[in-house]
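Enquirer: have a look at this prediction, sequence included:
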Amino acid sequence: MHRRRKIAHGHLVTCRRHGKSPGGVVCRHIHDGSARVAVRIPPPPGEEGSDYLCDRCVRHPWDLQVGNGGLVAACMWCARKGTQHMQVFDLDEYARSNP
Ligand SMILES: [Zn+2]
Ligand SMILES: [Zn+2]
């Protein structure tokens with residue numbers, strides 16, 4: 001269920017607000033602000049940027065892709081700002097409390 005799986009590489013994205021920034025992806029519910037709970041998927045060691053999925057999407061991340069509208073690329077500053085009003089868990093923490 002909670003396989004650790006990197007969804008996108010921590011590459012640089014060009015953000016309209018923040019310029020070139022470490023990027024990740026967020027699920028569309030986090031992007032549109034409808035999610036209440038965000039789960040932070042940490043980047044591999046040495047990379048910056050995190051991915052965020054809502055508590056529903058984190059249960060089937062392999063179904064989500066940037067191309068099909070399930071995921072949206074976001075710079076790490078926008079992702080952080082977008083999740084400010086949500087409860088944010090780290091993946092390990094979330095997996096422990098939701099076996
Ligand atoms: Zn979602
Ligand atoms: Zn940004």
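Expert: Sure thing, it's come through. Ligands and ions are numbered 1, 2, ... in the order given.
Enquirer: so how far is the longest strand along the chain from its chain's centroid?
Expert: Taking DSSP state E as the criterion, the chain has its longest strand at strand 19-27. Distance, stretch centre to chain centre, for strand 19-27: 9 Å (Cα atoms, centre = their mean, to the nearest Å).
Enquirer: elements contacting it?
Expert: strand 12-15, strand 51-54, strand 71-75, helix 76-82 (3 or more Cβ pairs under 8 Å, 6 or more residues apart in numbering; DSSP states H and E). Every residue, glycine included, has its C-beta placed from N, CA and C.
Enquirer: quickly compare those and say which is most buried.
Expert: Highest mean neighbour count among the helices and strands packed on strand 19-27 (mean count of other Cβ atoms under 10 Å): strand 51-54, with a mean of 26.
Enquirer: low-confidence bits of this protein, can you list those?
Expert: Regions of the chain meeting the criterion pLDDT under 70 cover residues 1-10.
Enquirer: which residues of it lie near ligand 1?
Expert: Selection of the chain residues close to ligand 1 by Cβ under 5 Å from the ion yields 27, 29, 54, 57.
Enquirer: mind listing what's buried along stretch 34-49?
Expert: 35, 37, 38, 39, 40, 41, 42, 43, 49 (16 or more other Cβ atoms under 10 Å).
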